[in-house]
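**Student:** need a 3D model of the following:
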Amino acid sequence: MRFIHALFAAAVAGLSFGAAAHGEAEHPNKEDAPVRKEQKDWGIAGEARDARRTIELTMSDNMRFTPDHIEVRQGETVRLVARNAGKVMHELVLGTRKELDEHAAMMAKFPSMEHDEPYMAHVGPGKSRELVWTFNRAGEFDFACLIPGHYQAGMVGRVVVAR
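**Tutor:** All right, here's what the predicted structure looks like:
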């Protein structure tokens, strides 16, 4: 009976966090699926046809992004290509420092947490994924790998959105 209660609690916890598992498998490729557009402090999901610039971000097992600093203009739609040059899973998540801190803390508690957002790309070793994002608000924002231990090891970067 105790085992059944534990399974039920785990299932409920997993269901409350979204749509795609955060384990070693890549999230499903949904390039043909409609993108859910929700305004965030750091912008909104963009349309690929509107991207005039591509920025490649390489993720490595030394827990770093290259480059770790990017600059865009307010209103610019950018294609971000996250390339995993490592041998372990990495991800690219855009956000404010506060939101990334909160998400990283949640990931530490629930490492198989499920989520699927247009500002996240979960990338397997040797693979790449794209995000198309419109940075429609000026300011300084961040990107990070929130896989447990990676963020804490300093796998972060900065986005400066100039007016």
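**Student:** where are the low-confidence patches of the chain?
**Tutor:** Counting by pLDDT under 70, the chain shows low-confidence ranges at 1-35, 114.
**Student:** ranges for the helices of it?
**Tutor:** For the chain, the helices defined by DSSP state H occupy 2-15, 97-109.
**Student:** starting at the chain centroid, how far to the shortest one?
**Tutor:** What it means is helix 97-109. 12 Å (CA atoms, centre = their mean, to the nearest Å).
**Student:** so how far is P148 from S112?
**Tutor:** 10 Å (CB to CB, to the nearest Å). Where C-beta positions appear, they are placed from N, C-alpha and C, glycine not excepted.
**Student:** repeat for N136
**Tutor:** 31 Å.
**Student:** do the same with A138
**Tutor:** 32 Å.
**Student:** same question for A82.
**Tutor:** Per CB to CB, A82 is found 18 Å from P148.
**Student:** so which of the two has more stuff around it?
**Tutor:** A82 (25 against 15; other CB atoms under 10 Å).
**Student:** contacts only, for that one.
**Tutor:** A82 makes contact with L57, M59, H90, E91, L92, A121, V123, S128, R129, E130, L131, according to CB atoms under 8 Å, 6 or more residues apart in numbering.
**Student:** now a ChimeraX select for only the buried ones of those residues.
**Tutor:** Filtering the contacts of A82 down to the buried ones (16 or more other CB atoms under 10 Å) takes a single ChimeraX command:
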select :57,59,90,91,92,121,123,128,129,130,131
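**Student:** closest one of the contacts of A82 to K40?
**Tutor:** L131 (12.4 Å; CB to CB).
**Student:** ok, now which ones touch the residue nearest to the closest one when sequence neighbours are not counted?
**Tutor:** Excluding the flanking residues, the one nearest L131 by CB to CB, 6 or more residues apart in numbering is L80, at 4.5 Å. Shown in contact with L80 (CB under 8 Å, 6+ apart): T54, I55, L57, L92, A121, E130, L131, V132, W133.
**Student:** of all the contacts of A82, which two lie farthest apart?
**Tutor:** So for these, where distance means CB to CB, the most widely separated pair is H90 and E130, at 14.5 Å.
**Student:** where do the strands sit along this protein?
**Tutor:** Using DSSP state E, the strands of the chain run over 44-45, 53-60, 64-66, 69-73, 76-84, 90-95, 120-123, 128-135, 139-144, 156-162.
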